[in-house]
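1. here is a sequence with its predicted model. Questions after.
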Amino acid sequence: MKKAEVGRFNISPDEDSSSYSSNSDFNYSYPTKQAALKSHYADVDPENQNFLLESNLGKKKYETDFHPGTTSFGMSVFNLSNAIVGSGILGLSYAMANTGIALFIILLTFVSIFSLYSVHLLLKTANEGGSLLYEQLGQKAFGLVGKLAASGSITMQNIGGYLGYTSGLSLLCMVFFLIVVICKKFEIACPFEDPSIISEAVNSTFIPSTVLPHIAFNMTDDSCRPRYFTFNSQTVYAVPILTFSFVCHPAILPIYEELKDRSRRRMMNVSKISFFAMFLMYLLAALFGYLTFYEHVESELLHTYSNVLGTDILLLIVRLAVLVAVTLTVPVVIFPIRGSITHLFCPTKDFSWWRHTLITVSILAFTNLLVIFVPTIRDIFGFIGASAAAMLIFILPSAFYIKLVKKESMKSVQKIGALLFLFSGIVVMIGSMALIVLDWVHNAH
């Protein structure tokens, strides 16, 4: 056996290449390339490593071989949890009120598992495709169409109310929000004031808002009982709200790139812990919010508290905390949108402050107009969840996987699973969008 071949077959992806550097019997050139590549794609088989090595030869060394991650496992879990949690948590109680506790838990479980599976597909595709940019994977898979689909979905998801927090303060604000929701459950007794009746009472008798909590209205005991399975015209918003709440996929590859001692298996462990933590947080927020207001919960949970309690110092603090978090994370939310637009329309042009400023101002103006003219946050959750979120969770990762992962045949279990996942995403998107539009048309009349 030749010396180069000895080096090739004895250095495995999971071994430390430094142990071979002092051995004079080994050919240094070939194993060195493999050892350098090991830091970026530690769990890829030799065939895929050769493919990635060839595809990355034209790139700068710090972008591929010599760019080891520096973020610890725990901090990566924290960052991914920040990327998952967002404004969708405000609509989860509304989703539970229109599905029932049991059906909501079933849907929450399936959406979280499907989201985690799509992360698996995305990481495997990134290894095979040799790129850690979502838009570039789209371009490699389907050319300009794939690039447009990825960029458009990322832009829509971030513009529609998505507060994918990436600061510790923002995550703490969401934890504080959850604590307040749990505490308020034991302070607000059912039956309570119907928000619509409160509004009529205030308009007709000019009752001050400070005395609203003391007004009692006759409500049946049945309205204060939890339901486990519920179907009505608003049930259609449940799945889009859940998919909206679990979208973090544009952040997966950047977090993967910065993960210390990165490997696909290690990143999947990060994802499992983060998704499980957010599953519990979402479930508790939805459950206690629903058990406080039952069928009277509104699409925006904080608004329901305001209608029932009037002026409440603790709720004002919660609103202020969320407002501060949103304000501090505006640059972070705009960054991926601006990056997608720039990568889409000006991929080869040098940086320009004029273009940078114009894109930023345009994004802010469009977002403000959207907030002003969209009637309720439920419509944002529903539309973005059924379109951009479905694309980012179901359709794009499975389509990229089917197209770019060449080593598996279309008859393999992995490819068949990805095909079924793609088909289910298309059904979810088309079905949810159709039902939401029908609900809009019906309410318009």
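-> Structure received. Numbering: from 1, shown residues only.
2. what stretches of this structure score poorly on pLDDT?
-> Along the chain, the parts satisfying pLDDT under 70 run over 1-67, 158-160, 162-170, 191-221, 322, 324-333, 336, 371, 375, 445.
3. strands of the stretch 1-150 of the chain, start to end?
-> Ranges of strands within the stretch 1-150 of the chain: none, based on DSSP state E, counting those that start in this stretch.
4. all helices of it, in order?
-> Taking DSSP state H, counting those that start in this stretch, the helices of the stretch 1-150 of the chain run over residues 3-10, 29-38, 46-55, 73-84, 92-97, 101-129, 134-142, 144-159.
5. please work out which of those helices is packed deepest.
-> Comparing the helices of the stretch 1-150 of the chain on average neighbours per residue, with mean count of other Cβ atoms under 10 Å, the densest one is helix 92-97 at a mean of 28. All C-beta atoms are positioned from the backbone trio N, CA, C, and that covers glycine.
6. what's in contact with that one?
-> Surrounding helix 92-97, the residues in contact under the criterion Cβ atoms under 8 Å, 6 or more residues apart in numbering are 104, 107, 230, 234, 237-238, 241-242, 245, 282, 285-287, 289-290, 292-301, 304, 378.
7. do that again at 7 Å, thanks
-> By Cβ atoms under 7 Å, 6 or more residues apart in numbering, the surrounding residues in contact with helix 92-97 are 104, 237-238, 241-242, 245, 282, 285-287, 289-290, 294-295, 297-299, 301, 378.
8. just stretch 240-252 next, same as before
-> Contacts with stretch 240-252, where a contact means Cβ under 7 Å, 6+ apart, come from 80, 83-84, 86, 88-89, 91-92, 95, 107-108, 111-112, 115, 118-119, 122, 134, 154, 157, 162, 164, 282, 336, 381-382, 384-386, 389-390, 392-393, 397, 432.
9. D439 reaches V236, doesn't it?
-> Yes: taking contact to mean Cβ atoms under 7 Å, the distance of 6.3 Å between D439 and V236 places them in contact.
10. pick out whichever of these two has more residues nearby.
-> With neighbours defined as other Cβ atoms under 10 Å, D439 and V236 compare such that V236 has more, 20 against 17.
11. what's near enough to touch the more buried one?
-> When contacts are taken as Cβ under 7 Å, 6+ apart, V236 is in contact with 432, 435-436, 439.
12. that one and A95: what is the separation?
-> With the distance defined as Cβ to Cβ, to the nearest Å, V236 ends up 10 Å from A95.
13. can you check I402 too?
-> As judged by Cβ to Cβ, I402 and A95 stand 31 Å apart.
14. burial count for the nearest residue to R227 once chain neighbours are set aside?
-> With Cβ to Cβ, 6 or more residues apart in numbering as the criterion, R227 has its nearest non-adjacent residue at 4.5 Å, and that residue is G100. By other Cβ under 10 Å, 19 other residues sit near G100.
15. wait, isn't G100 in contact with Y228?
-> Yes: with contacts counted by Cβ under 7 Å, G100 reaches Y228, the gap being 4.6 Å.
16. just give me the neighbour total for L283.
-> Residue neighbour count, defined by other Cβ under 10 Å, stands at 18 for L283.
17. just A277 next, same as before
-> So A277, with other Cβ under 10 Å, has 16 neighbours.
18. point out the other helices and strands that the strand or helix carrying it packs with.
-> Using DSSP states H and E, the element containing A277 is helix 264-293. Counting by 3 or more Cβ pairs under 7 Å, 6 or more residues apart in numbering; DSSP states H and E, the packing neighbours recorded for helix 264-293 are helix 73-84, helix 92-97, helix 101-129, helix 168-185.
19. sec struct for G161, please.
-> Counting by DSSP: H, G, I helix; E, B strand; the rest coil, the backbone at G161 sits in coil.
20. for it, give its distance to V239.
-> If you measure G161 against V239 using Cβ to Cβ, the figure is 17 Å.
21. pull out the buried residues from stretch 358-366.
-> Residues of stretch 358-366 classed as buried under the neighbour-count rule (16 or more other Cβ atoms under 10 Å) are 359-360, 363.
22. name the residues that touch the helix or strand T367 falls within?
-> When secondary structure is defined by DSSP H and E, T367 falls within helix 353-373. Contacts made with helix 353-373 from outside it, assessed by Cβ under 7 Å, 6+ apart, are listed as 159, 334, 337-338, 341-342, 346.
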